[in-house]
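Enquirer: Pasting a predicted model and its sequence here:
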Amino acid sequence: MNTPVSSYAIDLLYDELPLLTRDEILGMLRDRCGAASAMDNTKDAGLNFYFPDLRAPYKESTVPVQVAMAVTSGQLPVDQVMACMKQTWDWGEAKGVVARHQASVTMSDLLASALPYKTRLGFFQNVLGGILELLMPIAIRWRPSGKFVNPKALLLALKPGDKRDLIKGAVNVRRTLVKSVGGVVLDTVGLGALGLPDFQVSLGDRLPALFEAALRSLARYEFDLGDVFADGRTVKCGPESYTLARGISLVEPKREVFVLNPA
């Protein structure tokens with residue numbers, strides 16, 4: 001079982017320095033999340049908040065979950081942008097949009113890693129939805145899934161209805177050339193950050209599109225039901241059958257994955 005990340009974080013990218021005030025964020029948080037307070041009420045305090053009714057286990061007691069936001073002028077480091085852009089497969093306009101950003105807001109949770117994974121991500125996305133309504137960014141770098149996300153598409157995916165997709169931003173399917181297997185490896189990334197196994201398959205001479213859809217389907221199933229897959233379970237990828245075997249990922253970050261092996 002993977003260990004959830006201690007702090008879940010994303011970066012909201014803006015084409016100019018955003019004007020977000022503590023009081024307007026606090027009002028939004030109280031509307032969307034109930035009880036919320038600023039960590040520091042002094043005039044020049046940062047954008048750090050805690051939620052007394054959402055408590056996570058800590059040692060022999062509980063602590064209120066926190067959310068911190070930090071505004072930074074300037075662009076993200078080029079190497080980080082390139083690494084993330086390389087694995088952004090579901091947003092064709094990402095490169096041109098991200099190139100325009102001139103500031104960012106890093107949003108992260110604190111003391112939330114012991115929450116149930118659905119509670120944690122649901123709370124985080126609820127706060128994020130409020131920030132998007134206050135001041136829409138041009139793009140989001142979703143750190144745990146290693147990709148850029150279209151914020152407008154994300155809002156649509158989080159709305160109730162048949163097209164609701166709670167892992168739209170949180171899970172990515174990557175393509176990586178791995179010399180040790182002599183070809184491309186597809187894997188999901190993002191589930192491990194929540195404490196769940198990811199999925200991995202070596203393509204060989206197979207085309208990626210079919211397997212991308214299969215891995216996304218497996219990721220949604222696992223997110224909905226939890227770590228319920230057993231070693232040796234058979235799954236279908238198009239006309240072929242594969243068995244699941246727990247293993248360690250071939251691609252960083254190192255984490256537990258289900259490897260799809262031809263049945």
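Expert: Everything's here; your move. All figures in this text were calculated on a predicted structure; none of them were measured in a lab.
Enquirer: from here on, contacts and neighbour counts on C-alpha atoms
Expert: Will do.
Enquirer: Which element, helix or strand, includes the spatially closest residue to residue 127 that is not a sequence neighbour?
Expert: Distances taken as CA to CA, 6 or more residues apart in numbering place residue 29 nearest to residue 127, at 6.7 Å, with adjacent residues excluded. Of the helices and strands defined by DSSP states H and E, residue 29 is found in helix 22-33.
Enquirer: For burial, what's the neighbour tally of the residue lying closest to residue 205 once chain neighbours are set aside?
Expert: Leaving out its chain neighbours, the residue that sits closest to residue 205 by CA to CA, 6+ apart is residue 183, at 8.0 Å. Residues contacting residue 183 under the criterion other CA atoms under 10 Å number 14.
Enquirer: Then residue 239?
Expert: As a burial measure, residue 239 scores 5 neighbours (other CA under 10 Å).
Enquirer: again with the one 10 residues further on
Expert: Other residues near residue 249 come to 20 when the count uses other CA under 10 Å.
Enquirer: ok, which stretches of the stretch 1-150 of the chain are strands?
Expert: With strands called from DSSP state E, counting those that start in this stretch, the stretch 1-150 of the chain shows them at 9-14, 37-38, 47-58, 61-73, 103-110, 139-142, 147-149.
Enquirer: ok so, going back, the helix holding residue 29 packs against which elements?
Expert: When contacts are defined as 3 or more CA pairs under 8 Å, 6 or more residues apart in numbering; DSSP states H and E, helix 22-33 packs onto strand 37-38, helix 117-134.
Enquirer: For this protein, which helix or strand comes out least confident on mean pLDDT?
Expert: strand 234-237 (a mean of 88; mean pLDDT, DSSP states H and E).
Enquirer: For it, name the packing helices and strands.
Expert: Checking 3+ CA pairs under 8 Å, 6+ apart, strand 234-237 ends up next to helix 208-225, strand 240-248.
Enquirer: Including mean neighbour count and distance to residue 84, could the ones you listed go into CSV?
Expert: Listed next are the helices and strands packed on strand 234-237 as CSV, based on neighbours: other CA atoms under 10 Å; distance: least, CA to CA, whole Å:
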stretch, mean neighbour count, distance to residue 84
helix 208-225, 16, 18
strand 240-248, 17, 22
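Enquirer: follow-up on the earlier one: what are the pairing partners of the least confident helix or strand of the chain, and which direction each?
Expert: Strand 234-237 sits in its sheet next to strand 240-248 (antiparallel), going by DSSP bridges.
Enquirer: Please spell out which residues along the helix or strand that comes right after the partner strand are buried.
Expert: Downstream of strand 240-248, the next assigned helix or strand under DSSP H and E is strand 256-262. With burial defined by 16 or more other CA atoms under 10 Å, the residues of strand 256-262 counted as buried are 256-261.
Enquirer: so residue 55 sits right up against residue 66, yeah?
Expert: No: the criterion here is CA atoms under 8 Å, and residue 55 misses it with residue 66 at 9.3 Å.
Enquirer: These two - which one has more neighbours?
Expert: Neighbour count, other CA under 10 Å: between residue 55 and residue 66, residue 66 has more, with 21 against 18.
Enquirer: show me what contacts the more buried one?
Expert: 48-51, 109-112 (CA atoms under 8 Å, 6 or more residues apart in numbering).
Enquirer: now do residue 186
Expert: Contact partners of residue 186, counting by CA under 8 Å, 6+ apart, are 173-176, 200-203, 208, 211-212.
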